[in-house]
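In: Take a look and give me a structure for this.
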Amino acid sequence: MIKGVIFDFDGLILDTETAWYHAFKKVLQSQFQFELPLEEFVKSVGSDDKQFYPYLQKELGNQLNIEDIQYQAAALHTQYIRNEKAREGVVEYLRDAKDAGLGVALATSSDTSWATSHLKHLNLLSYFDYVVTKDMVDRVKPAPDLFLKALEKLELESHEAIVFEDSLNGLIAAQEINIPTVIVPNPVTASLPFENYHLKLNSMMDMPLQEVIHSLNK
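Out: The predicted structure is shown next:
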């Protein structure tokens, strides 16, 4: 029986990922006339930048100042997401989870200040019993540490929870400890080769939360 739900943040609750891609793409294009391939950028989505910046360094060499690129991209990103709202169906899922008495946790590869500040801005922080971030674990996704910590906080076993993810790194992390996973991709992650998930939805509006849970409790 499902007793808890675990949500990713970036790209799932708030589509920060598409904004990051367009921000980096614009900066790299204007400074270096470099076209950032989506298939390279997306490798780091849901995880950290360990693959992304070495890739840029390899492509652009000594002309690349990573700190400068980060600063410019971050400034653009702030503009892009300033008026962004939570993705469709997110509020309804969180509300329905609380109404059903389910434990609700966030498990994100971002840091605490990033996640909590955005959740406060979206008026969603109060829905979460626990917020688990990269500050609390040794490894981020695709390692399962964030989900293990979330399960520990919720006092649940893997089969008693369901994960909602938008990224391949998140799916891999959940699969490693056998948590049923629902994929809700965003424009940046839609083409990723997701496999062996429980469900895949275009939006949380596609299916009510109780229906998703019922499909697992059969």
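
In: next helix or strand past the helix or strand bottoming out on mean pLDDT in the chain?
Out: Here the helix or strand of the chain ranked lowest by mean pLDDT, DSSP states H and E is helix 52-60, holding a mean of 89. Moving toward the C-terminus from helix 52-60, the first helix or strand encountered (DSSP states H and E) is helix 66-81.

In: Quick one: list the elements packing against the least confident helix or strand of the chain.
Out: Helix 52-60 sits against helix 16-32, helix 38-41, helix 66-81, with contacts defined as 3 or more CB pairs under 8 Å, 6 or more residues apart in numbering; DSSP states H and E. (Glycine included, C-beta is placed from N, CA and C.)

In: ok, and for the strand or helix carrying residue 116, which residues are buried?
Out: For residue 116, the enclosing helix or strand under DSSP H and E is helix 112-121. Using 16 or more other CB atoms under 10 Å as the burial criterion, the residues of helix 112-121 that qualify are 115-116, 118-119.

In: Enumerate every residue touching the residue of the chain most remote from its centre.
Out: Distance from the C-alpha centroid of the chain, by CA atoms, centre = their mean, peaks at residue 62 (31.6 Å). Contact criterion CB atoms under 8 Å, 6 or more residues apart in numbering gives no residues in contact with residue 62.

In: mind listing what residue 159 touches?
Out: Going by CB under 8 Å, 6+ apart, residue 159 touches 178-180.

In: let's see 10 Å
Out: Remark: with contacts taken as CB atoms under 10 Å, 6 or more residues apart in numbering, residue 159 is in contact with 1-3, 178-180, 216.

In: Which of those residues sits closest to residue 48?
Out: The nearest member of the contacts of residue 159 to residue 48, counting by CB to CB, is residue 179 at 20.7 Å.

In: tell me which residues of the one helix or strand residue 146 maps to are tucked away?
Out: Secondary-structure element containing residue 146, defined by DSSP H and E: helix 145-154. For helix 145-154, burial by neighbour count (16+ other CB under 10 Å) applies to 145-151, 153-154.
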